[in-house]
Each structure stands twice: as structure tokens, then as C-alpha cells.
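Q: Kindly return the folded structure for what I paste below:
(2 chains)
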There are 2 protein chains.
Amino acid sequence: MTAETEPFPRQHDLRSPEPIEARRVDAWWRAANYLAAGQIYLLDNPLLREPLRPEHVKSRLLGHWGTVPGITLTYAHLNRLIVQRGLRVMLVTGPGHGAAALNAAAWLEGTYSELYPDVAQDVDGLRALLRQFSFPGGVSSHASPEVPGSVHEGGELGYSLAHATGAALDDPDLLVACVIGDGEAETGPLAASWHAPAFLNPRTDGVVLPILHLNGYKIASPTVLSRLPRPELLTLLRSHGWQPIEVAGDDPEQVHQDYARALDEVVDLITEVRKTAPGSGQARWPLIVLRTPKGWTGPPEADGLPIEGHWRSHQVPLTSVRENPEHLGLLEDWLRSYRPEELFLDSGAPVEGVRSWSPRGEHRMSASPAAHGAAQRGLRLPDVRAHAVEVAEPGRGFGEATKALGEYLRETVELNSPQRNFLLFAPDEHSSNRLDAVFGATGRRWQLPVQDTDTDLAPDGRVFEVLSEHLCQGWLEGYLLTGRHGLMSSYEAFAHIVDSMVAQHAKWLHTASQIPWRRPVPSLNYLLTSHVWRQEHNGSSHQDPGFVDHVLNKRPEVVRTYFPPDANCLRSVADHCLRTAQLINVIVAGKQPALQYLSIERARAHCERGLGVWSWASSDLEGSTDVVLGCAGDVPTQEVLAAVEILLGLEPDLRVRVVNVVDLARLFSEGHHPHAISDSAFAAVFPPGVPVVFAYHGYPWLIHRMTYRRPGHDGWHVHGFHEHGTTTTPFDMCVRNDVDRYHLALAALEQVPRCADRLGHLREHLLERLTAHHDHVRETGQDLPEIREWYWGAGSSA
Amino acid sequence: MTAETEPFPRQHDLRSPEPIEARRVDAWWRAANYLAAGQIYLLDNPLLREPLRPEHVKSRLLGHWGTVPGITLTYAHLNRLIVQRGLRVMLVTGPGHGAAALNAAAWLEGTYSELYPDVAQDVDGLRALLRQFSFPGGVSSHASPEVPGSVHEGGELGYSLAHATGAALDDPDLLVACVIGDGEAETGPLAASWHAPAFLNPRTDGVVLPILHLNGYKIASPTVLSRLPRPELLTLLRSHGWQPIEVAGDDPEQVHQDYARALDEVVDLITEVRKTAPGSGQARWPLIVLRTPKGWTGPPEADGLPIEGHWRSHQVPLTSVRENPEHLGLLEDWLRSYRPEELFLDSGAPVEGVRSWSPRGEHRMSASPAAHGAAQRGLRLPDVRAHAVEVAEPGRGFGEATKALGEYLRETVELNSPQRNFLLFAPDEHSSNRLDAVFGATGRRWQLPVQDTDTDLAPDGRVFEVLSEHLCQGWLEGYLLTGRHGLMSSYEAFAHIVDSMVAQHAKWLHTASQIPWRRPVPSLNYLLTSHVWRQEHNGSSHQDPGFVDHVLNKRPEVVRTYFPPDANCLRSVADHCLRTAQLINVIVAGKQPALQYLSIERARAHCERGLGVWSWASSDLEGSTDVVLGCAGDVPTQEVLAAVEILLGLEPDLRVRVVNVVDLARLFSEGHHPHAISDSAFAAVFPPGVPVVFAYHGYPWLIHRMTYRRPGHDGWHVHGFHEHGTTTTPFDMCVRNDVDRYHLALAALEQVPRCADRLGHLREHLLERLTAHHDHVRETGQDLPEIREWYWGAGSSA
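A: Here you go, the predicted structure:
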């Protein structure tokens, strides 16, 4: 970026290209507006070939008109650019409630009819197009997976620019136009998204073209950005690295000329951007500020109140059309103002003049291959067995799970470097989360000035770090939805920051999976680390394992959760997840040194089964189990193993079975999740009638809700996190939540009737150990040496 | 705001006040830095009266140094301002991992010792202060409720400026200084928070003074704002309505002079702000840009790598102190560089020169009454019975729940107008959610230019609308934490946007409730409406009832969830919630016309019990119940009542009991929630051995996880939302998720053995109705007339 300060952006009137043929773009715009308004209102009489009567109008009027004319206008002008310049353009529509505009455009371009043969370019198809909108069993009034050419769900606002940015990464020939509503621009995620130029590489990434559409209002009040004084708004955008170009007005002829010139200037600016050196920070990316009236070309007023140019046009401008003849008349005037007789043939098809305004084939934004996931380039994955952690004997040596994963990810980055289809995202935590091996292969993406002492920054780095979970998630979603691959790591507790985003993505995946023309979307992979049990100096604010609960409320077809107990299991699970599509994979694993249990071969087999008896840690024989100790999560697994050691030390004859669960969904009752095992398979692992003490990484009631229908659930005793969090030792966290070895051993023994007479003695002994623990921690700030060995290895001073 | 564009902010060197006494501020600063570094390292030898030996150093070094010197510097200079100008100042510390700085300041001011007598201003107290930090059972390295003078949890980043803004509202004598780290400034919520000047009233609100501390790095890489060219950064801040004043350097003497002058200028600017007319948009609020090195005054380098001024100073600058004599020497040099012998008496107390730099009593930021919740002004509430909805007979008339609540809120706004202690927040949805009666008493807060056609805007409005759930929540939290009252409404699905914020607030409330010197915080009240069952034109992105699940994962002591079935119940529940403190109250209620059941008196009694048998809707007699139909939520309640009508129409002898649950936590097993009823009270409502078909508003497994330990749980069959969402009729949503009257009636009948022989016939009949429903919706886009009557009343055309 330059240090100079131009208070005003370059004005497009500095240039004077030929005036565009406004008549043609205007015809297309009128056609799209007509179809969009028709979607809100018309049940029949789609061409208005007869006078409008109440029965032609839907009985319940639902939809959003206000944003439509700005979207259709933008669409029309982008089409000119595509045709004249041969550009590949994809459109992200932030004002997602303008789905009527996108449906209209896709229908005019023929895409809609190709993908939905019942909605052909004829009168019946037209009627179907209008009728299905906001209609039961039809399509929603916000952009959704059903909308051709869209990757952006229009329900929840805030993510359009992040999605557009993610879509543009690594696709240098693509221009991603992104309409941003001035309502959405008030959200936090969108406000942070303006910083994209600090990360976009001017040579290897596509172009993100934000089109900030200031129509002045959100649902019921003005918007902040639209009422900021004009110079303030422009400097605000410039400050982030954009070059704003303004288009404003309410005279269509003038706006058409201005918009066309503005887009020509965009192309010139892109040429400039492409010449700037990556990492120089000099690129100033084009951006359009579009000021046109909300509900433009709609009814100017009704019932004496202004509508066009006002928030009253946000949804349905005329609401009593069936009952109120005056409203019906206003609606007919409005629809006829587009002169549909000039725009559509009697057959229902658009006239040639309108049709020809659309680009052809895959150049149509509604048929964008990128938006339909066709930019897929297969991910190459390394041999998970190479550089695995050596485990000669289970539970003897130590390893660092995320560090081992870092090596695997470094190899993955290297393997996919040529095809540029794999990126890593984190909120400034790759190093903190011990994934820094990846910096052996690449750097952190960065375009701003660097200093001599900076490390691991690179203008073309494959690692994105910005202290915004929203941006990491939004960028990754945009990248995945256009067919590429990636992984996001986060502190476990702070994954909740993107709860709403992952929920929306899950809904998208589920709906999109039922749409035949959408290609599978590579999975959204999370690594949650720095988890609840290992926070050391951080207190309860860093202790929250609930993201998994949230994710498991979504459609079971699209959600998976994994708790690999050691480094090789983590590598195996990550390797599996990166090979999947259409899923949200949540992997929870610690970053601290920890005991290792399984060689890579055993790890792969165990993770593939998803759960299994660890016979090497068990003392039971078939048919003779006293109690099952189950575990899911690295720390609970370790505590269960320690509990077994305690139990067998006290009661050598005890027949304990250890079951480790990696793939949590295996526990779900049959039919409740695709990964659920059958009740008979379940019984083979958890023998009927044998009590189960289960140590779970997160909230214990999650396990109960998964298993309450399993045979023998009455005998399940789940230990987990009860929100007893504070700044303390790792083991003390377990003790506070009864997930420690002593509480687990006690709970197990209480389940074994034949030990009843010894229980008092054992309870006393274990409580004595707990007291010793409390005293030692209070005095020294450390766990007892015999505990510390489990966490840090023998002789560790930590 | 002015339309003029000054490329650079006013420079403080335009003024030339007397130089401040830098020696004194520097002594205080050195003392605070010494204590902060000491907290990270020292177990003993707190005054360094003897040479530093390994055993004086903590065995595990945890903490965050990098941000500390900027916070202590700011604290020192704000103290000068407080003393010299007599200001009331509260400090919000965004770089929350700088708790060591806040602990040090509070100790130097004497507050710490007053609140924690064991941490006195003597050698033992000093040792305790240093030792407890990041120490098991001690205090966390991030700001937490234990930190005097703080209302801001320092774990999750992004909310400091929103909290500061909320704290300043309606407290015109208060200056809320808010240190914002340049890492945090990358987050979305913080980026949106810069828009505060569009809402702050220059006369009736306090002053928010952002202090953007650019030390250049987050955990492991540079920050965007610190690397933006200086003019870009300044225009960015100016564009939002701030007047930035810069302080930069690494020479303490010069920085002290500059910081003092800058704060003097702040006071002058505040005088200017106070003179501007509310609503004129002319106020330009002061803001400080502070550029000082990360880890300033710490070790310049170690092991040949730079530390001071580098991200390596983020946490522990020297990591091997106990093992590495060179590091030990560097640490000792570092600590001695503050010359502790000049700063502390042999007794351990600060020397007079340091002590006297602190303000006195409640003027100390660490003793801020506002931060401790003492700004409380009791909320006046209207008579909930006045203007209640008339209900002569249950289930006959229609009403709109949120509209009725709007009247109650309007009265509440009016009653509390004089004491200015009640605010409403929503992301642009007060009107959409039918709460617009409040605009009879007040307007939407707005300072930017208005247009003739705008409605309900007011520079002093009690309603805050901004299209950012994060800002709504952050402002409300800041307002509540300083002792005032409020309510936030949201579309149910989008409440997930603030999942992480509510989780942090729950943790804060729980911890704070155990701290005797903190006053109770008025409850955080949510109204979730536009809920999953009534989305009409919106599709699955708007359908998510999971916020309640998330909230119920938090400590039961602080969370409550309510499902009022009608308008009077909603008024009763809201009235109750507004009277509570220390809670998070989630109220879920629809905004559409719906059947009304209870008069206000009966509603109050029912809501107070939290659940109860609706005998007027039941056909059983004591001891003769065939099946219980339970319900929680307005739509499920309606469907249960319809199911009963169907059942009794088919089987007049059936003995059905209807149980409505308002306060969901009543269902929790005994001991699992303060509102859980006893098993015997539970059995009185849900008779043992009688099957229960329960229709729940949200995910059905939530009910199972609450009740799996209740006697008779095996006989519970919960119907609820299964993520089968789309654009369809309200009733069809129920059908898709099996929560409709037909599925419920079937499920109930299946539980009644004496009806077994009639089941085939009944099943056939009900399936016929379902088929008729499907056909009718497909053909007309409407529910069957007999269904529609239930949703809209007889004769409705909708």
C-alpha cells in the first residue's frame, strides 16, 4: 500500500469511454426486476397478458424486494464485462434475501431451466418460477444451495466478503464479485473482512471485487455506512487497501453509463494490481460503492407513505393486494412499468435482445463452475506411516500429538504445492498449537511491510493466520465450496466463536448433497486443541468442550467427531478426514507431551473401527468382565489407564475391560447416525449387564443422550466436564471434575458387587491419595511426582 | 461528523503544556512492571534483597509479558489524569492476558490488599501476589472476575470496546478507558465496535476512550493494524468518528511527556464533544494510538534472538531460567533494571513516592464502583396485570405474544426513563419481532444524519439497533456489568452468533458470584423469537433452536430457559426475569398470532410453578391416566392440544393428561439444577408407569439428557426438531419433524394398550389426514382450512 493519502478515490469521469448501449442492459435489468417482483407476487398470469386480478396473486405475500434492483443491476453490468472481456466471474450475494434476483438472472440465462427442467423458458416454466418462490415446498426468499451459481447461504449475514475472499484464493483467473449490503456491513465479521488486501496475493490469487451496495436501510432503520459522510466512507475503505469507485444515482440511464465505466475502470485497476510485486503491499484492489435507492423502480409510495428509497420496500412493498383494489392497481402499474410485452415472447421465453445479454455456457455466473465446486483438484496425501511416532510398547513413551500432525501437514503442503489446492487457517495459533513444522514448507501469508526480525512470513504462504476465527472459517468455507481443501485449527474453547457459521455450513452441506448438479464439497476439518484439560495458566474462560455438542445437533449425515488418544491416532484420523467430502470433521487432541499407545498400524486399525477394546490394557476374559472402563479423549484415556493400574494394584483379580472410543458417533443408537454401530456390535464391546464407567473429554450428558437407547444404558456412569474450571494443574482439573484416576477407580469398584466388602478400605485409600494430591498442589503448585510422570514423563521438572 | 477531510489527526505537539514530572510517573511504572515480571517468575525473594537463585523462580513459567508495559504505562498516565482532573475513570483491558499488569496496579494502589487481606502491602503479601499468579489455585494470567476494577474477562478477544461502550452508556460522568491490543483489533467484533460514535450521545453518555496499543505482534506474527501505513490507520479511525492522538516511541522520558500531553488533549476534546448537539453527528471522540515496543523494558535479546520489541516477548521472555545460568542472569538484570530498592521499603510496601501516584478511594481504577457493579439503580417494573391479554376461555382467542410483551416493555422504558437504567438491544429486529410498541415511549439511538422520511430515530433513544449481534450483546454486557438493566431480542437461529460471548458471560457470573466484593449483576435477558417453527418464507438457515442447548451446558446456577406458551405467560416470564440478578435468562416465544390459554393471573401462577397439569385440557382423573402429553414451547403446546382434541374425538374415554412446561429446568433430575423439582413432585405431574409423549420446541435429545435419571424415563417419547427444515407452512414444519397433532396423537395412542385393537383403524385415519395435508399444501401452498384455523383463527386468509 502506498503511504500517500488521497482523500478522494480516483473518479471514473477522468476516463471517457464510449457510452454503452444502455437500452440493451436496461432491457435485461427490467426483465430481471419484473421476474423478481413476479416471484414475490404472482401465482398466475405470469406474462401479464391479461389484466391483473386478485386470484393471480399469492395468498400469502413473502419475500424481499428492497435489495433486488441493486443485485439485478450489478448482474446486468457484470454480464457486459464478462461478454466484452471474456472474464471468469463468480458472484457472491451478501444481501442473501435477494434470492428472487438470482433466480430471475439464472432463469434469463437459461441455467435455471437446464438444472430444473420443470422451470423451462416457457409460460409454464415461468409460472413455476414465480409460484415456487417463498412457497411451501418451493424455494426460500434467501439464497440457498438450490440457487444456481451461488456458494453463499443468504440467511445469516456477515460472511459474504470472507466467502468471496476464500473463493478467490489460488484461482488467479477468477474474479469474485461480492455484493455487500449496507446492513451486513454493520456486522463484525464483515467489518473484519475489509482487511483482505493484507493477505491477497496480486499474482496467484483471483480478484475479489466488493460491491458495497448502499441503499440506505436495513429492515427498519438506516445503516451506519450509508449515513457516514461520503469522504469518511471512502477513506475508511481506502485505508484497508481498496480503491473505491463510486456509482450513484436514481436515473437509470445515467447509472448505466456510470456503472459501465466503473467496471471498465475495475479492469484497468486489476491490470495495475497484477503488476505489483507480491508482498510489496502496493496493490490497491478495486471496490465499487453503489448508491441506488432501496426498492428502486418499485412503487414510489402507497397509503401516503414513501416506499421506493425507503426501508418500507425491504420486504413486500404492497401488502394488501388481494384485498385492496388500490394496491392491486399499484402492483399492476409497477409490474407493467417494466413493459413485459417487450421482454418476453408469447411462448414465455425472453426475447432475443434480453437473452443475448447473457454470457454463454460456463461464463454465465449462474453456471459458474467454481460455484458448483468444479474447481476441484484432487488432494495428494503423504503416507501416514512415514515419520509416524515409534511406539514399541503401549503407554511407555511420550509424544506430542499436534507436533506429529504438524509433520504430516508439512508433507501435505509440500505434496500439493504444485496444484495449489490446500491451505491451513488458524487464529494466530499454528505455533502455539505446535503445528509449526509446516513452516518448514511454507510461510504465513502476508502482503504488508515486513521487518528484519519477522519470521515465517511469505507473500505466497499456504498458512493463513489472522486473529479472527470468523475470517479463518469464512475464508476456509469459500475455499472449500469452490472445490479445494483445508484445515482450521483453534483453541477448543474459542471454536464457539464460529458456532453459527458451522451450523450454517452444515445446513448448506446437507441441502447441497441432495442437489445433483452440485459437486461434493471437500470436508471442513477442524483441529481443536489447547483443550479443556490442559490449560495450565489459563482459567475457566479457556475451558469449554461444547463445540462438539453443538456440531452433533446438526444433521448426522454431515457431522463427525473424533477424539484420537495419541499422536498416531491423530495422524490417522486427520489423514482420513482429509480424504472425505461433504462432512464437518471435528478432531479434538491435545498439544502437550503425552503418553503414546498405538503404533501407526494399530492406530489406523483402531481409528477405522472407531472404538474398540484395548485388550493390552484390560484384565478380563470373554464373558467374565466385572466392569468396563470406557474413555474418549486423550486425557480421559490416560486417566482410565491409570485407574486400571490402581485397581489391579489393589485387586489383582479384578476383570476390567478398557474400551477406547475415537469416533464418538459409534456410540449413537442404531439409526441415529451413519457411524452408529449395531446393538450387537455394541454389546460385543460393552457386554450386556456389565456396568460401564465412562470417562469422556466433554460434557458427560452428551454421552447419555447418545446412548440412552442402548441396551444396558442404565448401567452407564459417565464422568466428564462439569464446568469446574480454574487455573490449576492438568491433573487437578481432572480431580475437580471427577475424571481423575482416583474417582474413576472408585466409581468402577462401586460397580463390582464382589468387591463390596473391600470397598470401604479402597475408598479410604483413594481418598487419602486425593488428599495428598490437594495438599501437594496447594504447597508446591505441582502435581504429585507419581502423577507428573504420567503427564510429563519421568524426571520432568514441569 | 464533519465532512471535511483532514489527512492527519491533530498533533499533540501543537500544544505545549508544562512538562510533567516524568520521574514520578516513571517510578510508578517501574514498580508496576517489576511486580508484573515478578508475577511471571518469582516464587520467593520478592524484593530481590538477595541475589537471585534458581529456587526463587517458579518451576513452571507461565504468563504473558508482551502486553504488560503498555498497560502499566497507560495505567500510570490515567492515574495522573484522575488525580489532576478529578475524573471518574474505569479501565477495560482488551489485552486480557495482561492480568499481571492489573494485579500489580491494584496492589500498588492498595485495593488488592483491601479486597484480599492475605495479599497485604508487606513482604509476605508481595510474595503471595507474585506466587499466586498462573499458579494452581491462584489467579489466571488473563483478566478474570478476581481482578479488582475489571469487568472484562481476558480470555476470548474481541469484546473490549463493546464492553467499554456499554459501560459508558447513561453514565455521563464516567470515562471508560479501553486498551485495545492490535491482535484483538483483527477480530470481527472489535472491528465493528469502532462504529460506537454513531450511537454515543455526547451529553448523556460517558466517554469511551479507546487506547489502541500497537506493539506490533500477536502471539507469533505481526498484526495488520500495526503494519498498515500510518496515514491509512489514522484515516481508518477518523472515518469511524474518532479523533486519533498519537503517542509513539521507545524512550521512556519522551513517551511520558507525549502521553501526558495526549491525555491533556483528550480532556480538551471531551470538552468539545460535550458541546456538540446530540444527533448532530459532529462529535469527534478522542482516541489514542499508542505505539510502544512489545515487551518494552524486558530483556532485549536472549540466545542471540531479539525479544524486546518482538513477538518472542509475548509470553515468557526467558524460558530456561532455572536450568540456564545465563537466562537466570538475564532475568536478574531485567528485574534489577527497575531498581526495586528505590521502589519498595524493606517492609515490602511501596515507597511514598510510588504510593502517592495513585488516586484515592473510589477514584482508584482498581476500586471503580462502576466496575464492581455499584452503579445499580433499581429497576421499576409495571404491573404485569395491566394491559394483559384478555383470556375468557383457554384456547379460543388469538393474541400476539411479543406484541403484548412490547406493551410491557414500553411501560418499563417509561417508568425507568428518569433513572436511565434500562435499555433494549436488537440486531435491527424490534419491529420485525413485533416489539414496536416501545417506539411509543422512545426511539432508536442514532447520532448520524437523519432524513425526512426516517422514523423512530432519536439521539437519546433507549433502543439500540445495529445489525451486529456481537455489538448488541457486548454493549448489553457492559451495561449490565456496571449495574444497569436490559434485554436483547434476536431471531432464535442467529443467537448462535453470540454463543461464545454468552458462554464467557456465564463463566464470569458464576465466578463473580463467589467474590464477596462484587455486587450482583442484573441478569442478561434474551428474547428469542422468529423461532424455528414459524419461518414461513425463510428456509433452514433460519431454523435452529440450539441456543438453549448451548446455554444449558453452562453452570446450572446461572442459566434459566423459559418457553411461555402464550402472551400472558410471556409477560409473566419477562417480568420475572427482569427482577432477577446473576442469571442468564433465555425466553423463547413466537411473534405470530397464536391461541391464548391463560389469563394473566393463571399465567403468573403457572409460570411460577414452571410446569403443571392443564386440567382444563385433560381428560384423566387422579390415578387413571392412560397417557401424558407433555409440551414445552408455543407451537408444540398448540399441537398437543390439537392432538388431544383428535384423540378424544376418536376415543372419548381416553384419559389423557396435558402437562405444560414453561421453565424447562424443572425437568432436570434432582440436584442437577436449582430449579429441578423433586422426584416426588415430578411423579405427581408425570405419574410413574404412565407413558409420556412430550412435544418439545427444540432438539428432543435435550429433554432426554435432562430426564434420563427421572423415574419412568424409559416411558418417555420426545418429539422435537430433527433439522428437517425448509421453506414451508408452519404446520408442515411440524409434520416434517413429527411434532404435529397427527404424529403426536398416533404416538400417544400407541402407548395405550387398551386401544391396541383400535390402533390400526386410528392409524389409517390419521395417515389419511397427513396425506390430505401433503396434497393440500402441494396444491395450494396453504395448510388445510381446519389447520389454518389453529394458526390464524377462523376465516383468516393467510
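Q: so where is the stretch 1-150 of chain A shaky, pLDDT-wise?
A: A:1-20 (pLDDT under 70).
Q: cutoff 90 now
A: A:1-23, A:59-60, A:96-97, A:134-138, A:140-142 (pLDDT under 90).
Q: Likewise for the stretch 251-400 of chain A?
A: Looking at the stretch 251-400 of chain A by pLDDT under 90, you get A:281, A:373-378, A:387.
Q: Quick check: phi and psi on whatever residue of it ends up closest to chain B?
A: The minimum distance from the stretch 251-400 of chain A to chain B, using C-beta to the nearest C-beta, falls at A:Pro306 (5.1 Å). For the C-beta atoms, the positions are set from N, CA and C on the backbone; glycine is no exception. Reported as degrees, to the nearest 10, the phi and psi values for A:Pro306 are phi -70, psi 140.
Q: Please apply the same query to A:Val718.
A: Dihedral pair for A:Val718: phi -100, psi 130, per degrees, to the nearest 10.
Q: which residues does it contact?
A: A:694-696, A:700-701, A:703-704 (C-beta atoms under 8 Å, 6 or more residues apart in numbering or on different chains).
Q: out of the residues you listed, who's nearest chain B?
A: Nearest to chain B, judged by C-beta to the nearest C-beta, of the contacts of A:Val718 is A:Trp701 at 4.1 Å.
Q: dump the residue contacts of the closest one.
A: A:718, B:705.
Q: and if we set it to 6 Å?
A: Contacts for A:Trp701 were tallied using C-beta atoms under 6 Å, 6 or more residues apart in numbering or on different chains; they are B:Arg705.
Q: So it: helix, strand or coil?
A: Using DSSP: H, G, I helix; E, B strand; the rest coil, the structure places A:Trp701 in helix.
Q: host element of A:Ile245?
A: strand A:242-248 (DSSP states H and E).
Q: sec struct for A:Val389, please.
A: At A:Val389 the chain is in coil, as set by three-state DSSP.
Q: Tell me how many other residues crowd it.
A: Per other C-beta atoms under 10 Å in any protein chain shown, the neighbour tally for A:Val389 reads 23.
Q: What about it? Give its phi and psi, please.
A: phi -80, psi 130.
Q: coming back round to it: skip the chain neighbours and tell me the closest residue to the residue of the stretch 251-400 of chain A closest to chain B.
A: With sequence-adjacent residues excluded and distances taken as C-beta to C-beta, 6 or more residues apart in numbering or on different chains, A:Pro306 is closest to B:Thr453, at 5.1 Å.
Q: so the one you found makes contact with A:Leu305?
A: No. When contacts are counted by C-beta atoms under 6 Å, B:Thr453 is not listed as touching A:Leu305 (8.4 Å).
Q: helices and strands around the strand holding A:Ile245, which ones?
A: helix A:252-275, strand A:285-291 (3 or more C-beta pairs under 6 Å, 6 or more residues apart in numbering or on different chains; DSSP states H and E).
Q: Burial-wise, tell me which of these comes out on top.
A: Highest mean neighbour count among the helices and strands packed on strand A:242-248 (mean count of other C-beta atoms under 10 Å in any protein chain shown): strand A:285-291, with a mean of 24.
Q: Give me the contacts around that one.
A: Contacts of strand A:285-291 with the rest of the structure, by C-beta under 6 Å, 6+ apart, involve A:197, A:210-214, A:237, A:242-248, A:262, A:266, A:269, A:273.
Q: Report the buried members of these.
A: In the contacts of strand A:285-291, burial by neighbour count holds for A:197, A:210-214, A:237, A:242-247, A:262, A:266, A:269, A:273, counting by 16 or more other C-beta atoms under 10 Å in any protein chain shown.
Q: If you count neighbours, what's buried in the helix or strand harbouring A:Thr412?
A: Per DSSP H and E: A:Thr412 is located in helix A:401-415. For helix A:401-415, a neighbour-count test (16+ other C-beta under 10 Å) marks A:401-414 as buried.
Q: So which residues of the stretch 401-550 of chain A form strands?
A: Assigned by DSSP state E, counting those that start in this stretch, the stretch 401-550 of chain A shows strands spanning A:422-426, A:444-445, A:457-458, A:463-465, A:485-491, A:524-529.
Q: Name the nearest residue to A:Tyr111, sequence neighbours excluded.
A: To be clear, residue A:111 is Thr; Tyr isn't right here. Ranked by C-beta to C-beta, 6+ apart and with sequence neighbours excluded, the top spatial neighbour of A:Thr111 is A:Ser366, at 3.9 Å.
Q: My understanding was that that neighbour contacts A:Ser150; is that so?
A: No. Using C-beta under 6 Å as the test, A:Ser366 is too far from A:Ser150 to be in contact (8.5 Å).
Q: circling back: B:Thr453 and A:Leu305 - which one has more neighbours?
A: Using other C-beta under 10 Å as the criterion, B:Thr453 and A:Leu305 rank with B:Thr453 on top: 14 against 10.
Q: what about the residue in the stretch 501-650 of chain A positioned nearest to chain B, distance to B:Ser144?
A: Here the residue of the stretch 501-650 of chain A nearest chain B is A:Ser541; by C-beta to the nearest C-beta that distance is 2.7 Å. Taking C-beta to C-beta, to the nearest Å as the measure, A:Ser541 falls 7 Å from B:Ser144.
Q: repeat for A:Leu471
A: A:Leu471 sits at a distance of 27 Å from B:Ser144 (criterion: C-beta to C-beta).
Q: Tell me which of those two has more neighbours.
A: Higher neighbour count among A:Leu471 and B:Ser144: A:Leu471, with 30 against 27, using other C-beta under 10 Å.
Q: For the more buried one, give me its contacts.
A: A:162, A:192.
Q: separation between it and A:Arg238?
A: 20 Å.
Q: For chain B, what's the nearest residue on the stretch 101-250 of chain A?
A: Counting by C-beta to the nearest C-beta, the stretch 101-250 of chain A gets nearest chain B through A:Gly155, at 2.6 Å.
Q: which residue packs closest to that residue, ignoring adjacent ones?
A: In space, A:Gly155 is closest to B:Ser541, 2.6 Å off (C-beta to C-beta, 6+ apart).
Q: quick one on the thing from earlier: as CSV, the helices and strands packed on strand A:242-248 with distance to A:Gly612 would be great.
A: Formatted as CSV, the helices and strands packed on strand A:242-248 follow (distance: least, C-beta to C-beta, whole Å):
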stretch, distance to A:Gly612
helix A:252-275, 54
strand A:285-291, 52
